[in-house]
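>>> generate coordinates for the sequence data below:
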Amino acid sequence: MEKEITAARRDDHPSSKAPPSVEEKVNILIVDDRADKLLALDAAIAELNQNVVLARSGKEALRALLQQDFAVILLDVNMPGMDGFETAAMIRQRRRSEFTPIILVSAVNDTDNHVSRGYSLGAVDYILSPIIPEILRAKVSVFVDLFRKTAQIERQAEERAQFIRTEAARVEAETARERFAFLAEASNVLASSLRYEETFGNLARLIVPRLADYCFIDMCEADETVRTVAVAHRDPEQEATLREFRARFPVDLTCQSGLGYVLRTGSTEVCNDFAENEETRRTMPREQIEAIRALGVRSYLLTALCARGRILGALALIGTELNAFGEAEVAQAEELARRAALALDNASHYEAAQKAQHAAETANQAKDQFLAMLSHELRTPLTPVLMTIALLEDEPDFPEQFRPSLEVVRRNIQLEARLIDDLLDLTRVSKGKVQLKLETVDAHTVIRSALDICNSEIEDKKLSVDYKATGAAAWLRADAARLQQVFWNLVKNAVKFTPEGGRLKIRTQVRDQALEVQVIDTGIGIEAEVLPKIFNAFEQGTRSLSGLGLGLAISKALVSLHGGNISAASDGVGKGAAFRVVLPLAPAPAENSTAVAPDKVPERKRLRLLVVEDHPDTNRSLERLLTRRGYEVKTAFCVSEALEKSVAYRYDVLISDIGLPDGSGLSLVAELATQYSFRAIALSGFGMEDDLQSSKEAGFLAHLTKPVDIGELDLLIQRIAAEPVEAVAEIAS
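You can find the predicted model right below:
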């Protein structure tokens with residue numbers, strides 16, 4: 001029989017090579033070429049109740065060893081082919097069976113030769129036939145017990161090793177969790193504020209005592225100095241000592257070790273025994289070494305704060321114990337330094353942005369102040385000119401041939417004032433401070449008013465105007481004055497850029513619940529490259545004949561505030577231009593209401609006025625013009641003079657400049673209001689929104705911006721004197 005014979009006492013022989021437990025059966029291998037001897041040996045050890053594997057040859061035995069481990073092998077010496085000695089030699093060559101006990105069994109009484117050869121091959125015993133079962137069982141039993149105990153020891157060792165591995169993994173996982181939790185907490189601290197000194201102070205208090213006994217955080221300045229931005233100590237009372245130490249011993253960037261080297265190279269340096277670090281101590285003065293010893297330094301970890309290729313500073317962790325910083329602490333400190341560097345870099349960018357914003361705001365404020373002052377200085381001399389014109393026009397003996405010249409002067413003064421207003425309007429637009437007084441207006445009436453204003457210029461250039469309106473009225477919800485400013489700008493531009501004898505066409509039509517207005521000229525046209533920028537401030541292209549180039553920019557903003565849009569078109573230079581405005585229509589007003597109510601002209605009253613104006617020409621002109629209109633006028637040039645005259649002179653209306661030599665008209669009206677009741681009008685070269693608001697808050701009922709038209713001033717005086725106080729604000733606006 002050439003097949004493997006297995007013991008019939010067990011059906012499920014395990015093939016696993018895992019060591020058996022105490023209760024498990026072990027494997028015993030019996031190798032003999034004779035079936036009767038196999039059965040005899042199997043029967044002899046049957047009482048041991050173990051798994052017995054029977055093999056008829058050395059080859060079968062080797063195959064069995066490949067599948068499982070055995071506690072002992074009973075091996076016949078005399079077998080055909082591969083005998084017991086050859087089989088034993090092959091068994092010993094296999095690593096897993098190198099030390100498996102082998103009991104040689106033989107019927108040949110050549111004891112000395114066989115025994116010596118068997119022992120040389122690693123056999124543990126030699127038994128001659130006939131076999132005594134009790135002796136065989138005793139010997140096999142010893143090896144079974146030995147195998148089981150060895151297996152138990154191996155199992156316990158494996159369990160212990162597994163426990164150690166599990167515990168190490170648990171500790172490592174717990175350490176990693178704590179490390180990640182610390183880094184997350186540090187990230188929250190770093191992200192909590194863009195004020196880096198506050199942030200790094202919180203970070204230092206987080207580091208101590210979790211990573212070090214105390215620490216420094218330093219930052220590189222633009223002048224190549226190093227500044228300590230944060231310190232922390234286990235004992236907060238010692239932090240002053242740390243700052244004193246750093247102030248006494250500043251960082252030397254030329255050092256070949258220590259903090260100076262780290263800041264210069266962007267590296268990390270670790271020392272776990274400062275007393276033995278001869279290289280670092282050799283570069284330090286004796287006083288510094290003594291100071292470090294006094295601080296209890298035994299270990300330190302220095303790592304650079306680097307972001308975007310720049311060394312921004314360094315983190316210094318100090319330990320008062322030897323070997324305080326291992327690989328894990330170094331990795332954690334470097335990651336913390338990386339995050340801190342990014343936070344510092346972000347904070348520096350934020351601080352730079354804040355400074356830039358502050359500088360921009362300061363510059364913008366300075367620009368506004370400059371424009372306000374420029375407006376004041378330009379407007380102030382225009383007022384007496386207009387008033388002088390008014391005085392001359394009122395003279396009955398003034399030669400008629402010179403009156404057109406007076407009108408030319410008046411018109412150009414008003415144009416100058418319009419240019420100043422454009423500058424202020426541009427500032428209001430950029431700040432979003434343009435406020436509209438919305439009412440229901442007829443667009444055609446507004447367009448005709450704009451044409452009337454430009455009529456003299458149209459006549460001077462002999463331009464033909466073709467105006468065709470769709471329908472009797474086109475109602476809009478709009479600020480009439482601002483809308484008139486838009487159309488005046490468009491008509492003025494068309495007149496300005498159209499040669500003498502040219503044509504203007506103005507068309508209105510209703511389309512899709514909107515009013516479309518077109519202003520078309522036969523002027524010099526607009527270059528294609530300029531056309532997309534034509535509504536930008538100060539943009540005129542080659543059309544620049546005069547002016548500041550602000551009218552179209554302001555017009556675009558005003559049209560947008562009205563919910564409309566404005567566009568320009570031109571076929572090129574010399575081919576004219578067309579501007580198109582589209583505005584949403586509004587419902588027509590009720591029949592019993594009026595749109596844009598006309599100014600109510602009150603019955604004239606003889607009033608007493610106090611005029612406070614420090615500009616001599618304006619002061620005298622106002623006095624003469626107002627006196628001619630029937631007012632009783634007293635004048636003052638400063639606050640103190642106004643206060644002095646108000647004691648004996650009870651006036652009805654105060655007309656005051658804002659900027660006075662010895663104070664402000666704002667404080668003047670507030671102080672005079674404590675004495676008796678009067679109405680006040682501000683008359684100033686300052687016309688910004690803030691100026692108007694300040695006047696209103698101080699108690700002025702109206703604010704007129706120079707140059708002022710005497711007729712407008714006269715009408716305003718009469719109206720505010722006639723109306724109740726609560727109605728004056730509506731009149732003044």
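>>> from the contact counts, what lies against the longest helix seen in the chain?
Selection of the longest helix in the chain by residue count, based on DSSP state H, yields helix 133-191. With contacts taken as 3 or more CB pairs under 8 Å, 6 or more residues apart in numbering; DSSP states H and E, helix 133-191 sits against helix 35-44, strand 72-76, strand 125-128, helix 196-210, helix 327-379. C-beta here means a position set from N, CA and C on the backbone, and glycine is covered the same way.
>>> and the angle from it to strand 72-76?
Interaxial angle of helix 133-191 relative to strand 72-76 (axes from the mean of the first three to the mean of the last three CA atoms, to 10 degrees): 140 degrees.
>>> okay, the angle between helix 133-191 and helix 35-44?
Orientation check (the same axes, to 10 degrees): helix 133-191 against helix 35-44 gives 70 degrees.
>>> quick check: mean pLDDT of helix 133-191?
Averaging pLDDT along helix 133-191 gives 81.
>>> residues making contact with stretch 315-330?
Residues lying outside stretch 315-330 but in contact with it, judged by CB atoms under 8 Å, 6 or more residues apart in numbering, are 175, 179, 207, 211-218, 259, 268, 270, 272-273, 295-305, 333, 336-337, 340.
>>> filter these down to just the ones in strands.
Secondary structure assignment by DSSP state E places 214-218, 268, 270, 299-305 of the contacts of stretch 315-330 in strands.
>>> just among those residues, which is most surrounded?
residue 305 (28 neighbours; other CB atoms under 10 Å).
>>> settle this for me: that residue is touching residue 334, isn't it.
No. Residue 305 is not in contact with residue 334 according to CB atoms under 8 Å; the separation is 10.3 Å.
>>> where does the stretch 1-150 of the chain dip in pLDDT?
In the prediction, the stretch 1-150 of the chain carries residues with pLDDT under 70 at positions 1-23, 108-114.
>>> helices of that one, start to end?
Counting by DSSP state H, counting those that start in this stretch, the stretch 1-150 of the chain forms helices over residues 35-44, 58-67, 84-93, 111-120, 133-191, given from the N-terminal end onward.
>>> low-confidence ranges, the stretch 301-450 of the chain, go.
In the prediction, the stretch 301-450 of the chain carries residues with pLDDT under 70 at positions 367-368, 371-379, 411-412, 414-435.
>>> what about 90?
Residues of the stretch 301-450 of the chain meeting the criterion pLDDT under 90: 301, 303-450.
>>> please name whichever of the helices and strands packed on helix 133-191 is nearest to residue 577.
The stretch from the helices and strands packed on helix 133-191 with the least distance to residue 577 (CB to CB) is helix 327-379; that distance is 29.5 Å.
>>> check which element follows that closest one along the chain.
Once the chain leaves helix 327-379, the next helix or strand it forms, by DSSP states H and E, is helix 382-394.
>>> list the buried residues in that following helix.
With burial defined by 16 or more other CB atoms under 10 Å, the residues of helix 382-394 counted as buried are 382-391.
>>> roughly how far does the residue nearest to residue 42 when sequence neighbours are not counted sit from residue 64?
The shortest distance from residue 42 to any non-neighbouring residue, by CB to CB, 6 or more residues apart in numbering, is to residue 52 (5.4 Å). To residue 64, residue 52 is 11 Å away according to CB to CB, to the nearest Å.
>>> between those two, which is the more surrounded one?
Taking residue 52 and residue 64 together and counting by other CB under 10 Å, residue 52 has the greater number of neighbours (27 against 20).
>>> re earlier: surely the residue nearest to residue 42 touches residue 30?
Yes. Counting by CB under 8 Å, residue 52 does reach residue 30; the two are 6.3 Å apart.
>>> what do those two both touch?
Listed as contacting both residue 52 and residue 30 by CB under 8 Å, 6+ apart are residue 42.
>>> check which residues of stretch 487-507 are buried.
By neighbour count, with 16+ other CB under 10 Å as the criterion, the buried positions of stretch 487-507 are 487-498, 502, 504-507.
>>> that stretch: end-to-end distance?
Counting by CA to CA, to the nearest Å, the length from the leading to the trailing residue of stretch 487-507 is 12 Å.
>>> what comes up buried for stretch 24-34?
25-33.
>>> how about the residues you listed in JSON lines, adding distance to residue 154?
What follows is these, written out as JSON lines (distance: CB to CB, whole Å):
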{"residue": "25", "distance to residue 154": "17"}
{"residue": "26", "distance to residue 154": "13"}
{"residue": "27", "distance to residue 154": "15"}
{"residue": "28", "distance to residue 154": "19"}
{"residue": "29", "distance to residue 154": "20"}
{"residue": "30", "distance to residue 154": "25"}
{"residue": "31", "distance to residue 154": "25"}
{"residue": "32", "distance to residue 154": "30"}
{"residue": "33", "distance to residue 154": "34"}
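>>> with those in mind, which one is nearest to residue 245?
Where the buried residues of stretch 24-34 are concerned, and distances follow CB to CB, residue 245 has its nearest neighbour in residue 26, at 72.0 Å.
>>> isn't that closest one up against residue 50?
Yes. Applying CB under 8 Å, one finds residue 26 in contact with residue 50, separated by 5.4 Å.
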